[in-house]
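how does the following fold in three dimensions:
(one chain, ligands or ions: 1)
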Amino acid sequence: MDMMPLDLPTLFPLLLALLATALLLLRRQKHPKNGCCNVPKGTMGWPFIGETLEFLSPHRSNSIGTFLQQRCSRYGKVFKSHLFGSPAIVSCDNEFNMFILQNEGKLFQASYPKAMQGILGQYSLLIVSGEHHRKLRGIAVSFSAMSKSSPVFHSRIEKLAFSMFESWRGRREISFLEEMKKFTLSLMVKTVLSIDPEEPVAMRFLQDFRTYMKGFISLPLNVPGSAYAKAVKARARLSRTVKEIIKQREMTTTTPAPARTCSNDGNCGDGITTTSSGEENGDFLEVILSKHSSIRQMNDDEKVSSVLDIVLGGYETTSTLISLIVYFLHRSPAALLAFKEEHEAIRRNKGKGQPLGWEDYQKMDFTRNVTKEAVRCGNLVKFLHRKALQDVEFKGHLIPRGWKVLPVLAGPNLDSSLHHDHLQFNPWRWTEDKEIGKKTMGYGGGPRVCPGSDLAKVMVAFFLHHLVLTYRWKVKEDEYPIAYPYVEFRNGLHVEIEPVESHV
Ligand code: HEM
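Numbering: from 1, shown residues only. Here you go, the predicted model:
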């Protein structure tokens, strides 16, 4: 076959086009001001889906997975990729992660995929930003601060724990994660809306909520019958139920009780006043319906979203965290012994049958360290979604404006250069290493740091106090936590249980 002769007039436009493309690419990769920095190295994968499937590929949650391991060793802890339909910078670097989260709203902004927005709704805290975020967040902070030291909340945890143990009577094996999901969902629904687990509306609410949750872990296909479509519908039903409850409450409460938002340690909600010691009988709805001016301005959809945010935030994460602790303690007999001793001592001091209080929680130092270590090793939230609002320069890297930025929280948690024996579950490291708090961030950071972290720690500590004094447990050999990236256990955490004769 004869080739077409390539003379200069033919080649010229081709060369020009090539040159223009190269210049364009260079412009995108170099910093516009001083040209000092490059976009981090990495690969972009397939058109549109990029490397999303590899990035989301399941792995043990006490590791960062092959995708991140390979790229971090090839390109460094900050690298580029193409994820969730956008060019992206992925960071496993502790300093860079902190920088991203601290600069929320200035250089970076939360930016969750469209599909998640479809389920969460436009007023979810995870979606809104700026002043709107500040206003709605204050309510979540108030709720957490109010509840964590409230005796009413403490007694709810204990009552639900006892009724759960009662339902285990005569059973030798339980699906632990499933049981914990029932426990935390009932607790959140009771605390947020004062609905008891036995009420018919509770059954409906719990059912819809679980369908709603499944939407997060499904393919975002909005076709009839898909998990995603069911979740969108379940959210609409939940929204109607909450609106109905709000209406009834507004009718029955002529003078809504004032919100009490300060905990014993003085951590108060965002400008919402406190009127007494926190011994309220109220629920989260009471806070929402209070006369405080910033809350009064909320429309009904914002109120519904606040309720769902709290239940959603408090339910899945806390149930998984309790399960992770049960898993790690089983594998670490020395830690289990120290844990048990702490709770036996507290109970001995307290006397049989006496309710736990805030002062008991403050004595649970080892338990808090166990919880922190389980968050570090278990990596409940593997990464967060952000985008760059402008070109950003950090440690010689250029982060181009508009790119997705994914701080991987699991990166620093499992970084061997930051933690001695980094794969070892070792609660004592939290007293040995004074700097460890700066090298882990399981609850995020900056203006969006989890408002429920303290509340979660109290739920975990109180539930486990009774568990360790009531049951002995053995985790089945083939169980381990998997990051999907949401954390699940291989077989739902099958656990053998045996009641213990209480000595205290
Ligand atoms: C059990 C452990 C928990 C973990 C590991 C956890 C983790 C996180 C993380 C990493 C974020 C940051 C999200 C981001 O920056 O995009 C977050 C935000 C949030 N969490 Fe938690 N969380 C936990 C428990 C709770 C509880 C108990 C509640 C509610 C009572 C809650 C409510 C929320 C809410 C409402 C947000 C959104 C905050 C905002 O955007 O300003 N979380 N959580």
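
what residues does this protein have near the ligand?
110, 125-126, 137, 140, 144, 309-310, 313-314, 317-318, 321, 375, 380-381, 384, 442-444, 448, 450-453, 455-456 (C-beta under 6 Å from any ligand atom). In this view, the C-beta of every residue, glycine as well, is placed from N, C-alpha and C.

now do residue 471, the pLDDT please.
The model reports residue 471 with a pLDDT of 96.

correction: residue 276
28.

right, and the helix or strand after the helix or strand where residue 488 lies?
Residue 488 belongs to strand 487-489 when elements are defined using DSSP states H and E. Following strand 487-489 in sequence order, the next helix or strand is strand 494-499 (DSSP H and E).

so residue 471 touches residue 501, yeah?
No: if you go by C-beta atoms under 8 Å, residue 471 and residue 501 don't touch, sitting 11.3 Å apart.

picking up where we left off before, quick one: strands adjacent to the strand holding residue 488?
strand 481-483 (antiparallel) (DSSP bridges).

what residues does the strand it pairs with touch?
58-62, 65, 323-324, 327, 378-379, 382, 410, 487-490 (C-beta atoms under 8 Å, 6 or more residues apart in numbering).

can I have the buried ones of those residues as a ChimeraX selection?
Restricted to buried positions by 16 or more other C-beta atoms under 10 Å, the ChimeraX selection for those reads:
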select :59,61,62,65,323,324,327,378,379,382,410,487,488,489
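
the contacts of strand 481-483 in helices, which ones?
Within these, residues falling in helices by DSSP state H are 65, 323-324, 327, 378, 410.

who are the contact partners of the residue in the stretch 151-300 of the chain positioned nearest to the ligand?
Of all residues in the stretch 151-300 of the chain, residue 188 sits closest to the ligand, at 7.1 Å by C-beta to the nearest ligand atom. Residues in contact with residue 188 (C-beta under 8 Å, 6+ apart) are 310-311, 314-315.

what's near enough to touch the residue nearest to the spatial centre of the chain?
For the chain, the residue nearest the mean C-alpha position is residue 381 (5.0 Å; C-alpha atoms, centre = their mean). Applying C-beta under 8 Å, 6+ apart, we find residue 381 in contact with 317, 409, 442-444.

measure it to residue 408 for me?
For residue 381, the distance to residue 408 equals 10 Å [C-beta to C-beta, to the nearest Å].

cool, and residue 127?
21 Å.

pull out the buried residues from the helix or strand hosting residue 310.
Using DSSP H and E, residue 310 falls within helix 300-331. Within helix 300-331, the residues that count as buried by 16+ other C-beta under 10 Å are 302-330.

before we move on, the earlier item: what residues do residue 381 and residue 408 have in common as contacts?
What both residue 381 and residue 408 touch, as defined by C-beta under 8 Å, 6+ apart, is an empty set.

tell me the spacing between the spatially closest residue to residue 422 that is not a sequence neighbour and the ligand.
Excluding the flanking residues, the one nearest residue 422 by C-beta to C-beta, 6 or more residues apart in numbering is residue 416, at 4.6 Å. Shown here: residue 416 relative to the ligand, a distance of 22 Å by C-beta to the nearest ligand atom, to the nearest Å.

and for residue 416, the neighbour number?
Neighbours of residue 416 under the rule other C-beta atoms under 10 Å: 9.

now it: which helix or strand?
Residue-wise, residue 416 maps onto no helix or strand under DSSP H and E.

confidence score at it?
In this model, residue 416 carries a pLDDT of 96.

equivalent analysis for residue 188, please.
Confidence score, pLDDT, at residue 188: 92.

can you tell me the residue of the stretch 401-504 of the chain closest to the ligand?
Counting by C-beta to the nearest ligand atom, the stretch 401-504 of the chain gets nearest the ligand through residue 452, at 2.1 Å.

hmm, residue 146 and that residue touching each other?
No: using C-beta under 8 Å, residue 452 is not in contact with residue 146; the gap is 11.9 Å.

neighbour count: the two, which is higher?
residue 146 (29 against 22).

so residue 184 sits against residue 459, correct?
Yes: shown here, residue 184 and residue 459 form a contact pair, counting by C-beta under 8 Å, at 7.0 Å.

all strands for this protein, in order.
59-60, 78-83, 86-91, 108-110, 173-175, 386-388, 392-394, 397-399, 404-407, 471-475, 481-483, 487-489, 494-499 (DSSP state E).

residues in contact with the last one?
Just to be clear, that refers to strand 494-499. 168, 171-176, 326, 470-476, 479.

would you mind measuring from whichever residue of the stretch 301-450 of the chain sits closest to the ligand to residue 321?
When distances are taken as C-beta to the nearest ligand atom, the stretch 301-450 of the chain reaches nearest to the ligand at residue 313, 2.4 Å away. Using C-beta to C-beta, residue 313 is found at 12 Å from residue 321.

likewise residue 470?
19 Å.

now swap in residue 284 and tell me
20 Å.

all the helices of the stretch 1-150 of the chain, residue numbers only.
8-29, 52-56, 65-75, 94-102, 114-120, 130-148 (DSSP state H, counting those that start in this stretch).

what's the average pLDDT for the third one?
For helix 65-75, the mean per-residue pLDDT is 97.

now that helix - C-alpha only, PDB.
Backbone C-alpha positions of helix 65-75 (Å, rounded to 0.1, in the frame of the first residue of the first chain) are rendered in PDB as follows:
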ATOM      1  CA  GLY A  65      -5.700  -1.900  50.600                       C
ATOM      2  CA  THR A  66      -3.600  -2.800  47.500                       C
ATOM      3  CA  PHE A  67      -4.700   0.200  45.400                       C
ATOM      4  CA  LEU A  68      -3.400   2.800  48.000                       C
ATOM      5  CA  GLN A  69      -0.400   0.700  48.900                       C
ATOM      6  CA  GLN A  70       0.800   0.400  45.300                       C
ATOM      7  CA  ARG A  71       0.300   4.000  44.500                       C
ATOM      8  CA  CYS A  72       1.800   5.400  47.700                       C
ATOM      9  CA  SER A  73       4.900   3.300  47.100                       C
ATOM     10  CA  ARG A  74       5.100   4.300  43.400                       C
ATOM     11  CA  TYR A  75       4.100   8.000  43.500                       C
END
